[in-house]
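Peer 1: need coordinates for the below:
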Amino acid sequence: VLGQDPASRTPLAWEVRHPCPPPEAASFGTDRRIARAEEEIRLWCEIVPEYDAMHELGARIPVECIQITAHEFRSDELSGRHMVPSYAAWLAGADLVPAYAFHRRMLQLLQWRTRGERWVLKAPSHLAALPALLAVYPDARIVQTHRDPLKVMASVASILYSTAFVRSDAVDVGQVLGWFTGETCRALLDAGSALRDDGRLPAEQVFDVRYAELMADPVATLAGLFDHFGIPFRAEAEQAMRRYLAAKPRGRHGLHRYAFEHTGFDPEAERTRFADYYERYGVAAEL
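Peer 2: Coordinates of the predicted model:
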């Protein structure tokens with residue numbers, strides 16, 4: 001690795017020793033760093049065995065974009081891993097455009113030898129950062145999944161607690177619940193809807209997916225997505241989807257166990273809070 005001394009501005013040679021083949025000799029199937037990454041990632045699930053049922057992790061499978069934006073220190077990845085209220089408060093008002101600018105550069109680096117048609121990215125945190133995302137990717141196509149917010153709140157609380165527990169055996173349950181309340185969830189949903197209502201997110205750039213429909217018939221739901229965005233739904237794409245679903249049935253790693261009553265929130269008050277959201281997006285109550 002070639003660096004430079006900030007004081008003298010003269011080049012420095014740093015020797016890096018790692019039992020890996022040179023980049024030109026490594027491939028997706030042979031790079032030894034994959035095994036090392038797998039060991040580090042799978043440590044989460046050794047500490048919290050149920051984590052696979054919540055969010056499967058592995059060196060060869062996709063992960064959320066917040067791991068990229070964390071390199072700009074503006075990411076839910078950091079506030080989710082570590083309970084630092086002052087950082088979470090700062091992040092809530094931070095300019096996220098630099099994080100997405102870095103995100104774009106990272107994707108350019110990752111694709112410099114390929115000619116793929118598009119990136120498919122996923123992170124719930126994008127919902128809170130759509131203005132910044134659209135500033136960097138003005139032609140982005142947004143897919144928003146809709147589910148009963150009461151189920152979402154309970155699920156998120158469970159995941160946040162488990163993520164914090166990976167790093168501490170003294171997790172403040174009340175603080176975890178305070179990270180994603182009904183007020184928080186409603187604010188995120190309203191911000192996304194406001195972008196549509198004022199035209200900053202044109203209708204042709206966004207597609208709504210109801211979680212219940214996705215679970216009932218995923219291939220048909222995705223065919224509708226392709227059609228909305230004008231992307232040909234080729235036979236090989238459908239075959240790949242069906243192979244994926246056959247190899248990864250729901251519940252393969254067990255079920256993510258959580259219950260709304262464990263949050264302590266008032267279910268009737270929360271249903272009232274989200275009444276117009278249920279109606280606008282045709283979301284059915286699950287509890």
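Peer 1: His103 and Phe229, how far apart?
Peer 2: His103 is 21 Å from Phe229, where distance means CB to CB, to the nearest Å. In this view, the C-beta of every residue, glycine as well, is placed from N, C-alpha and C.
Peer 1: what about the two, which has more around it?
Peer 2: Each of His103 and Phe229 has its neighbours counted (other CB atoms under 10 Å); His103 has more, 23 against 14.
Peer 1: give me the spatial nearest neighbour of the more buried one, chain neighbours excluded.
Peer 2: Leaving aside its chain neighbours, His103 sits nearest to Ile68 (5.0 Å; criterion: CB to CB, 6 or more residues apart in numbering).
Peer 1: tell me if I'm right that that neighbour and Ala101 touch.
Peer 2: No. Taking CB atoms under 8 Å as the definition, Ile68 is not a contact partner of Ala101, at 11.1 Å.
Peer 1: okay, the two: which has more neighbours?
Peer 2: Of the pair Ile68 and Ala101, Ile68 is the one with more neighbours under other CB under 10 Å, namely 22 against 15.
Peer 1: for the more buried one, give me its contacts.
Peer 2: Neighbouring residues of Ile68 by CB atoms under 8 Å, 6 or more residues apart in numbering: Phe102, His103, Met106.
Peer 1: buried ones in the one helix or strand the first one maps to?
Peer 2: In this case it means Phe102. With secondary structure defined by DSSP states H and E, Phe102 is part of helix 97-110. With burial defined by 16 or more other CB atoms under 10 Å, the residues of helix 97-110 counted as buried are Val97, Ala99, Tyr100, Phe102, His103.
Peer 1: quick one: that helix to chain centroid distance?
Peer 2: 16 Å (CA atoms, centre = their mean, to the nearest Å).
Peer 1: how about the strands of the stretch 51-200 of the chain, start to end?
Peer 2: With strands called from DSSP state E, counting those that start in this stretch, the stretch 51-200 of the chain shows them at 142-146.
Peer 1: and the pLDDT at Arg280?
Peer 2: Looking at Arg280, its pLDDT stands at 96.
Peer 1: SS state for it?
Peer 2: Judged by DSSP: H, G, I helix; E, B strand; the rest coil, the three-state class of Arg280 is helix.
Peer 1: what's the burial count for it?
Peer 2: Applying other CB under 10 Å, we find 13 residues neighbouring Arg280.
Peer 1: pLDDT below threshold where in this protein?
Peer 2: The chain contains residues with pLDDT under 70 at 1-25, 251-253.
Peer 1: quick check, central residue of it?
Peer 2: Ala123 (2.0 Å; CA atoms, centre = their mean).
Peer 1: so what's it up against?
Peer 2: The contact partners of Ala123, by CB under 8 Å, 6+ apart, come to Glu64, Cys65, Ile66.
Peer 1: same deal with Trp44?
Peer 2: Each residue near Trp44 by CB under 8 Å, 6+ apart is listed here: Tyr51, Leu57, Val166.
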